[in-house]
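J.: Need a 3D model of the sequence below.
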Amino acid sequence: MERPEETVQGAQMRQNLEELRAMGVEPYPRRFERTHIAEEIHEIFDELENTEVIIAGRLTAIRGHGKAGFADLRDGSGGIQLYVRKDEIGEQAFAAWKLMDVGDIVGVKGEVFRTRAGEVSVKAIEITLLAKALLPLPEKFHGLKDKEQRYRQRYLDLIANEEVREVFAGRSVILSTAREFLEERGYMEVETPVLQPLYGGAFAQPFETHHHALDMTLYLRIADELYLKRLIVGGFERVFEIGKDFRNEGMDRTHSPEFTQLELYEAYADYNDMMDLTEALFEAIAIRLHGETTFEYGELTIDLKRPWRRLRVMDAVADVVGADALVDRDALFTAAREKGVDVEDGATFGACVERILDQLVEPNLMDPTFLIDYPREISPLAKQTPDDPEIVERFEVFVAGFELGNSFSELNDPDEQLRRFEAQVEKRAEGDAEAHGMDEDFVTALMHGMPPTGGLGLGIDRIVMLFTGAQGIRDVILFPPMRPDRKE
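T.: You can find the predicted model right below:
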């Protein structure tokens with residue numbers, strides 16, 4: 001395959017570099033001081049008209065021949081037109097300008113004016129080359145459309161596609177809004193280990209590594225939960241962490257092996273408090289991004305205004321397979337198979353419930369919905385409901401047909417926690433690779449006393465998908481995990 005720098009255009013750009021150097025132009029200077037950005041010039045044009053400014057950015061288009069022409073410059077805030085004239089910048093500088101290419105980064109001193117066509121522009125007085133590009137940008141009118149290239153070369157994606165920059169700017173707003181929201185409510189941000197000797201807090205297979213100095217196996221965390229709850233034991237009553245978690249599992253529209261999660265815990269609260277908190281947080285993000293609680297996601301109109309629907313898990317299962325199927329495991333298994341649910345032959349009652357939820361219930365939860373009260377069997381870290389010891393106080397939150405978060409009234413009975421860990425260890429011995437392992441130190445922590453606690457985990461990447469309109473998780477991760485490029 002022909003490498004980019006071997007193309008005719010790439011060769012010409014390198015030749016231009018050599019000619020600029022021969023003219024005494026430094027193509028990669030150390031710094032440049034500017035006075036304004038493009039967005040500012042547009043916003044306060046009336047104040048800046050006929051005023052000298054200094055701007056900097058990437059050339060995205062060059063138009064015109066002879067002794068004058070126009071160009072488009074884009075900085076981090078947006079774009080602005082340049083007017084470059086030989087008589088204004090001088091013969092030598094204009095000769096250097098003629099050797100500059102689309103993709104080059106330049107600094108421009110000039111006068112703000114409006115063209116006859118009404119476009120706000122800067123008439124160049126001085127042009128400084130700040131970084132000479134040696135490879136061409138994606139073709140102007142078609143942009144960068146190939147999904148694989150966009151993910152592998154995100155820098156080109158950001159240059160070529162304005163809407164992509166807007167997605168990641170929105171992601172930044174979501175994160176800052178979440179932090180401000182929680183800090184205003186007395187939560188403290190903390191950091192817990194990413195490399196852990198025991199992994200836990202979720203059902204998932206971990207990534208495994210080896211620490212040479214300690215000569216021990218460590219795991220990339222699959223959740224922050226058990227360390228954060230240790231902090232609740234230690235007396236921090238409201239804590240949260242925003243960080244990377246890792247699960248060695250499949251990839252699809254809403255799953256990535258490396259993802260960002262917000263986890264928080266509040267002493268003396270339960271899952272009802274967490275539902276209230278979730279509604280308020282999502283409302284705050286919606287208003288910050290969209291100015292209201294209603295916005296479009298694909299063909300859906302989403303309204304996050306409180307209160308949201310609360311749907312019990314067993315009621316949801318009964319709605320799709322019939323109430324008679326809930327009498328025991330065999331009846332539920334049979335009903336699930338009859339409805340076309342992909343459920344393994346040896347699946348337990350709880351596993352059948354999970355598969356029914358995954359395949360028949362959750363994809364249809366378009367309006368904001370809390371799916372509440374799960375079987376204890378599939379929620380080993382949650383507290384039982386007062387009226388049924390086989391059901392626990394847990395919810396998952398759904399919008400637009402996909403899950404955005406998970407919450408428990410946290411189990412704080414150390415003896416019960418130990419029994420549930422032991423049950424999970426038995427499942428692991430029977431071949432369940434995702435069963436929760438034994439964490440004796442966590443049980444020891446609970447034995448010192450943990451107050452009633454509400455916990456919540458929210459998938460930041462999926463939240464960004466919802467609020468920015470992205471249809472896949474790789475579209476909201478700057479550098480998503482990918483296989484090596486076969487072409488290389």
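J.: buried ones in stretch 110-120?
T.: 110, 111, 112, 113, 120 (16 or more other Cβ atoms under 10 Å). Quick note: C-beta positions are derived from backbone N, CA and C, even for glycine.
J.: ok, now stretch 19-29?
T.: Within stretch 19-29, the residues that count as buried by 16+ other Cβ under 10 Å are 20, 25, 27.
J.: domain assignment for this structure?
T.: Here the domain assignment for the chain is 4-137, 160-308+367-476, based on automatic domain parsing.
J.: hey, which of those domains is tucked in deepest?
T.: Highest mean neighbour count of those: domain 160-308+367-476, a mean of 18 (counted as mean count of other Cβ atoms under 10 Å).
J.: So what would you say the end-to-end distance of it is?
T.: The first residue of domain 160-308+367-476 is 16 Å away from its last residue (Cα to Cα, to the nearest Å).
J.: Next: stretch 421-439.
T.: 8 Å.
J.: same deal with stretch 300-318?
T.: First-to-last residue span, stretch 300-318, Cα to Cα: 26 Å.
J.: hang on, the earlier thing: distance to residue 343 for the domains of the chain - can I get that in JSON lines?
T.: Formatted as JSON lines, the domains of the chain follow (distance: least, Cβ to Cβ, whole Å):
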{"stretch": "domain 4-137", "distance to residue 343": "50"}
{"stretch": "domain 160-308+367-476", "distance to residue 343": "13"}
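J.: got the ones you listed as a markdown table, with mean pLDDT columns?
T.: Formatted as a markdown table, the domains of the chain follow (pLDDT from 0 to 100):
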| stretch | mean pLDDT |
| --- | --- |
| domain 4-137 | 95 |
| domain 160-308+367-476 | 94 |
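J.: Out of those, flag the one nearest residue 357.
T.: domain 160-308+367-476 (7.2 Å; Cβ to Cβ).
J.: nearest to residue 195, of the buried residues of stretch 19-29?
T.: Nearest to residue 195, judged by Cβ to Cβ, of the buried residues of stretch 19-29 is residue 27 at 42.6 Å.
J.: which residue packs closest to that closest one, ignoring adjacent ones?
T.: Closest residue to residue 27 apart from its sequence neighbours, by Cβ to Cβ, 6 or more residues apart in numbering: residue 132 at 3.9 Å.
J.: what does residue 480 give?
T.: Of all residues beyond its chain neighbours, the one nearest residue 480 is residue 474 (4.1 Å), with distances taken as Cβ to Cβ, 6+ apart.
J.: Is the one you found in a helix, a strand, or coil?
T.: helix (DSSP: H, G, I helix; E, B strand; the rest coil).
J.: what mean pLDDT does stretch 345-362 have?
T.: Average pLDDT, stretch 345-362: 93.
J.: just to revisit the earlier point, now, the buried residues of stretch 110-120 that are in strands?
T.: Those of those mapping onto strands are 110, 111, 112, 113, 120, per DSSP state E.
J.: could you redo those residues as a markdown table and give each row distance to residue 265?
T.: Formatted as a markdown table, those follow (distance: Cβ to Cβ, whole Å):
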| residue | distance to residue 265 |
| --- | --- |
| 110 | 55 |
| 111 | 57 |
| 112 | 53 |
| 113 | 58 |
| 120 | 51 |
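J.: just the residues you listed now: which is nearest residue 271?
T.: For those, the nearest to residue 271 is residue 120 (53.4 Å; Cβ to Cβ).
J.: State the distance from the closest one to residue 104.
T.: Separation of residue 120 from residue 104 (Cβ to Cβ, to the nearest Å): 22 Å.
J.: ok, which stretches of the stretch 251-400 of the chain are helices?
T.: For the stretch 251-400 of the chain, the helices defined by DSSP state H, counting those that start in this stretch cover 271-290, 313-321, 329-338, 349-356.
J.: Residue 151 is in contact with the residue nearest to residue 480, correct?
T.: Yes: using Cβ atoms under 8 Å, residue 474 is in contact with residue 151, at 5.8 Å.
J.: what is in contact with these two at once?
T.: Applying Cβ atoms under 8 Å, 6 or more residues apart in numbering, one finds that residue 474 and residue 151 are jointly contacted by residue 480.
J.: can you pull the pLDDT of the nearest residue to residue 321 once chain neighbours are set aside?
T.: Leaving aside its sequence neighbours, residue 321 sits nearest to residue 335 (Cβ to Cβ, 6+ apart; 4.1 Å). Per-residue pLDDT puts residue 335 at 93.
J.: list the contacts for the nearest residue to residue 467 once chain neighbours are set aside?
T.: Leaving aside its chain neighbours, residue 467 sits nearest to residue 289 (5.4 Å; criterion: Cβ to Cβ, 6+ apart). If you count contacts by Cβ under 8 Å, 6+ apart, residue 289 has them with 170, 173, 174, 295, 467.
J.: what bridges to the fourth one?
T.: The one in question is residue 295. residue 302 (DSSP bridges).
J.: Can you tell me what sits against the helix or strand encompassing residue 417?
T.: Assigned by DSSP states H and E, residue 417 belongs to helix 414-429. Contacts of helix 414-429 with the rest of the structure, by Cβ under 8 Å, 6+ apart, involve 376, 380-381, 411, 435-439, 442-444, 446-447.
J.: helix or strand right after that helix?
T.: Helix 414-429 is succeeded, C-terminally, by helix 440-447 (DSSP H and E).
J.: Now do that following helix and helix 414-429, the angle between them.
T.: Interaxial angle, helix 440-447 versus helix 414-429 (axes from the mean of the first three to the mean of the last three Cα atoms, to 10 degrees): 160 degrees.
J.: which among the buried residues of stretch 19-29 gets closest to residue 202?
T.: Closest to residue 202, out of all of the buried residues of stretch 19-29 and judged by Cβ to Cβ, is residue 27, at 50.6 Å.
J.: Touching, that closest one and residue 18? I think so.
T.: No: the criterion here is Cβ under 8 Å, and residue 27 misses it with residue 18 at 9.7 Å.
J.: Tell me who's in contact with residue 109.
T.: Contact analysis of residue 109 by Cβ under 8 Å, 6+ apart lists 52, 53, 54, 124, 125, 126.
J.: Apart from its chain neighbours, what residue comes closest to it?
T.: Nearest residue to residue 109 in three dimensions, chain neighbours excluded: residue 126, at 4.2 Å (Cβ to Cβ, 6+ apart).
J.: C-alpha coordinates for the helix or strand where that neighbour lies, PDB please?
T.: If you go by DSSP H and E, residue 126 is part of strand 120-131. What follows is strand 120-131, C-alpha atoms only, in PDB (Å, rounded to 0.1, in the frame of the first residue of the first chain):
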ATOM      1  CA  VAL A 120     -16.600  38.700   9.300                       C
ATOM      2  CA  SER A 121     -12.900  38.400   8.400                       C
ATOM      3  CA  VAL A 122      -9.300  39.300   9.300                       C
ATOM      4  CA  LYS A 123      -7.100  41.200   6.900                       C
ATOM      5  CA  ALA A 124      -3.600  39.800   7.400                       C
ATOM      6  CA  ILE A 125      -0.700  42.100   8.200                       C
ATOM      7  CA  GLU A 126       1.700  39.400   9.300                       C
ATOM      8  CA  ILE A 127       1.500  35.600   9.000                       C
ATOM      9  CA  THR A 128       3.700  33.300  11.100                       C
ATOM     10  CA  LEU A 129       4.100  29.600  10.300                       C
ATOM     11  CA  LEU A 130       3.600  27.700  13.600                       C
ATOM     12  CA  ALA A 131       3.600  24.100  12.400                       C
END
